[in-house]
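Test case, fold it:
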Amino acid sequence: MGEQLQQENADQEVEEIMEEQTTAESQSECYSWPPAMRFDVPPYKTYHFYRHFRPSSNPNNFLKGVKWSPDGSCFLTSSDDNTLSVFTLPDYENCAEENVCSSAAIEDSFPANLAITEGEAIYDYCWYPYMSASDPVSCVFATTTRDHPIHLWDTSTGQLRCTYRAYDNMDEITAAFSIGFNPTGTKIFAGYNKSIRIFDIHRPGRDFEQRSTIQGNKEGQSGIISSIAFSPSHTGMLATGSYSQTTAIYREDNMEQLYVLHGQEGGVTHIQFSKDGNYLYTGGRKDPYILCWDIRKTVEIVYKLYRSTETTNQRIQFDIEPYGRHLGTGGQDGLVHIYDLQTGQWASSFQAASDTVSGFSFHPFLPMAATASGHRRFSTLDDSDGDLSLTLRDDENCASVWSFSVYSAEDYAANAEHVDSEQ
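Numbering: from 1, shown residues only. Modelled structure (predicted):
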């Protein structure tokens, strides 16, 4: 009887050890890829670019935004001189330590692989969702510019692949103010004044499907559709932001309008779904708050996230990290603020530039992020372009890539237990 009891206890101990090992392995796998970033430790600047954005013809050129490619191999910037630049990320393993990377920030770390100049001001741009550097056919991004059709550019050659043209009642080309690929990558949704036009990417030209954002009784979403975002959870929903200070939720298949959200103080300039698709984050022009909406219960705002944007007309981008637990946003103060999305509380911040940080984008799987900064400066009549260029520092009107520290397996497990105990 005693031997049987000892054997049962031994079996139980073995099972407990195996369970602990399994838990540790699962936690290790969970933390290791993608690595869980630490925001309690300031990131360090890995790469820096400013000379590329200061041509002699326009020394006051500034950046309007930055977006990582879906495969993380490169990032795309938009600047005021109507130029889109593609920078390919070098081997990440060769830049894994701070002391190795800090020297790269003195000058431009490396030249741009591609620079495409549009004819007019760039309204919006987006990557093809299945872009992969290993498949040259998929290496494309779309742009929309003033008085021009939608362009599809090849990042390998810089050539124009396709154009998608919309016409107004006078049979003249009308430009889209916002664009976005649907999750399957088969269509381009484009925002216009009180309407959305849908283009089949396999049929370039002037064929499109048009949907009005105004219902028959003149209810719905009015104004210019300034931003478009699709739910990542395959629920078939998309959201559109408007300069009329509203955000609307639609079904993708038939563009049925589900509801309209009111509460933004300025025209909506950027929207993004949470990773699980249950929440929507919206930001507006001259509005100091990013609003969090629970799209399952749209009666009230869940919480507000502050950022310094009260006096700028610029579009200030924000982004959610790969784990979906934190959001980062720029602002006029040159800071990037990180917020915990589970609580809506401020987590940390770091100084990214000496002027407005208009663009912020997390890498899709590495512990990195890219920032773009700058704003339009007006010189006096006595100032010359040469004098103006001398007043700019290397951390103004620039782009930077930042590397974050990551949790070890033990720290990640302890942090996960701490978060669970607080909930």
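
the longest strand in this structure is where?
Criterion DSSP state E: the longest strand present in the chain is strand 297-306.

Pull the residues that contact that strand.
Contacts of strand 297-306 from elsewhere in the structure, counted by CB atoms under 8 Å, 6 or more residues apart in numbering, are 259, 261, 263, 279, 281, 288-294, 327, 329, 337, 339, 344, 346. All C-beta spots, glycine's among them, are computed from the backbone N, C-alpha and C.

Can you name every helix or strand that the helix or strand that that strand is followed by contacts?
Sequence order places strand 318-320 as the next helix or strand after strand 297-306, per DSSP states H and E. Applying 3 or more CB pairs under 8 Å, 6 or more residues apart in numbering; DSSP states H and E, we find strand 318-320 packed against strand 268-273, strand 279-284, strand 326-329, strand 357-362.

One more pass at 6 Å, please.
strand 326-329, strand 357-362 (3 or more CB pairs under 6 Å, 6 or more residues apart in numbering; DSSP states H and E).

List the contacts of the last one.
Put plainly, it is strand 357-362. For strand 357-362, contacts defined as CB atoms under 6 Å, 6 or more residues apart in numbering pick out 64-68, 314, 316-317, 319, 321, 328, 330, 334, 336, 369-373.

N169 - how many residues pack around it?
6 (other CB atoms under 10 Å).

To clarify, my last question referred to L238.
22.

Then E310?
E310 has 12 nearby residues by other CB under 10 Å.

So for the closest residue to G236 other than its chain neighbours, what's the pLDDT?
Leaving aside its chain neighbours, G236 sits nearest to E252 (4.9 Å; criterion: CB to CB, 6 or more residues apart in numbering). We have a pLDDT of 92 for E252.

How about the one 10 residues further on?
Here the pLDDT value assigned to H262 is 93.

which residue sits closest to it in space, ignoring its chain neighbours?
Setting aside the residues directly before and after it, H262 is nearest to T246 in space (CB to CB, 6+ apart), at 5.8 Å.

Around the one you found, how many other residues sit close by?
Using other CB under 10 Å, T246 has 21 other residues around it.

Got the phi and psi for it?
For T246, the backbone dihedrals (degrees, to the nearest 10) come out as phi -130, psi 160.

mind listing what it touches?
Contacts for T246 were tallied using CB under 6 Å, 6+ apart; they are 221, 260, 262.

ok, I225 touching A190?
No - the pair I225 / A190 is not scored as a contact, 8.3 Å apart, by CB atoms under 6 Å.

if I look at I214, how far off is Y130?
Distance, I214 to Y130, by CB to CB, to the nearest Å: 33 Å.

picking up where we left off before, if I look at the residue nearest to H262, what pLDDT would I see?
At T246, the model reports a pLDDT of 95.

What subset of the contacts of T246 is buried?
When the contacts of T246 are checked for burial by 16 or more other CB atoms under 10 Å, the buried set is 221, 260.

can you redo the contacts of T246 as a markdown table with distance to M237?
Formatted as a markdown table, these follow (distance: CB to CB, whole Å):
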| residue | distance to M237 |
| --- | --- |
| Q221 | 15 |
| V260 | 14 |
| H262 | 18 |
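
Go through the contacts of T246 and flag which are in strands.
If you go by DSSP E, the contacts of T246 have 260, 262 in strands.

out of the contacts of T246, who's nearest S109?
Q221 (42.4 Å; CB to CB).

Tell me the spacing between the closest one and I295.
Using CB to CB, Q221 is found at 15 Å from I295.

The closest residue to L63 other than its chain neighbours: how many residues sit nearby?
Computed as CB to CB, 6+ apart, the closest residue to L63 that is not its neighbour in sequence is A372, at 3.8 Å. Residues near A372, counting by other CB under 10 Å, number 30.

Isn't A372 up against F62?
No - A372 is beyond contact range of F62, at 8.7 Å (criterion: CB under 6 Å).

What residues are bridge-paired with F230?
L238 (DSSP bridges).

Looks like it contacts G185 (just checking).
No - the criterion here is CB under 6 Å, and F230 misses it with G185 at 10.7 Å.

So between these two, which is more surrounded?
Neighbours were counted for F230 and for G185 using other CB under 10 Å; F230 has more, 22 against 14.

Quickly list what the closest residue to D71 other than its chain neighbours is bridged to.
Using CB to CB, 6+ apart and skipping the chain neighbours, the partner closest in space to D71 is S132 (4.8 Å). For S132, the beta-bridge partners under DSSP bridges are D135.

re earlier: ok now the longest strand of the chain, how far from the chain's centre?
In terms of CA atoms, centre = their mean, to the nearest Å, the centre of strand 297-306 is found 20 Å from the chain centre.

So for it, mean pLDDT?
Regarding strand 297-306, the rounded mean pLDDT is 88.

relative to strand 279-284, how tilted is it?
Interaxial angle, strand 297-306 versus strand 279-284 (axes from the mean of the first three to the mean of the last three CA atoms, to 10 degrees): 50 degrees.
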